[in-house]
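**Q** Below are the sequence and a predicted model; questions follow.
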Amino acid sequence: MPVKDSEADGWVSAYDLFHEDNDRLKNMVRDYGLEYWDSSDPHVAGSVFLIAYLTRLVWPVIGQFVLERRVPDVTLKNLAFH
């Protein structure tokens with residue numbers, strides 16, 4: 001997983017995104033569906049977003065556990081989205 005400076009412009013904490021900023025999350029999911037699948041269907045956008053989330057976050061965590069028997073801290077307070 002890339003490590004970036006989450007204090008830079010454009011980053012939002014995962015905690016804020018999932019608990020306080022419903023419109024931003026909805027827009028992020030919709031924009032992802034439009035950009036990668038050229039679809040405004042919310043079901044398609046949600047599926048694409050979930051696949052991207054699993055691919056970029058969950059599967060690397062599972063891989064770390066399998067390889068090293070430990071995982072990085074991926075709690076919402078330790079993650080940020082751009």
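**A** That came through, no problem.
**Q** Would you mind listing where the chain has pLDDT under the threshold?
**A** 1-6 (pLDDT under 70).
**Q** Report the separation between the residue positioned nearest the centre of the chain and Glu7.
**A** The C-alpha lying nearest the average C-alpha coordinate of the chain belongs to Tyr53 (C-alpha atoms, centre = their mean; 4.7 Å). Going from Tyr53 to Glu7 by C-beta to C-beta, to the nearest Å gives 22 Å. Heads up, the C-betas are built off the backbone N, CA and C, glycines and all.
**Q** now do Leu25
**A** Note on Leu25: its distance to Glu7, by C-beta to C-beta, is 21 Å.
**Q** more crowded one of the two?
**A** Leu25 (18 against 7; other C-beta atoms under 10 Å).
**Q** quick one, phi psi at Ser13?
**A** Backbone dihedrals for Ser13, given as degrees, to the nearest 10, come out at phi -70, psi 150.
**Q** what's stretch 57-77 in contact with?
**A** With contact meaning C-beta atoms under 8 Å, 6 or more residues apart in numbering, stretch 57-77 is reached by 1, 13-15, 18-19, 79.
**Q** Quick one: buried ones out of those residues?
**A** For the contacts of stretch 57-77, a neighbour count by 16 or more other C-beta atoms under 10 Å gives the buried set as 13-14, 79.
**Q** Show me which of these is closest to Ser39.
**A** Checking the buried ones among the contacts of stretch 57-77 against Ser39 with C-beta to C-beta, the nearest one is Ala14 at 24.7 Å.
**Q** Leaving out sequence neighbours, find the closest residue to that closest one.
**A** Spatial nearest neighbour of Ala14, excluding adjacent residues (C-beta to C-beta, 6 or more residues apart in numbering): Leu79 at 3.8 Å.
**Q** these two touch, right, the one you found and Ser13?
**A** Yes. With contact defined as C-beta atoms under 8 Å, Leu79 counts as touching Ser13 (7.3 Å).
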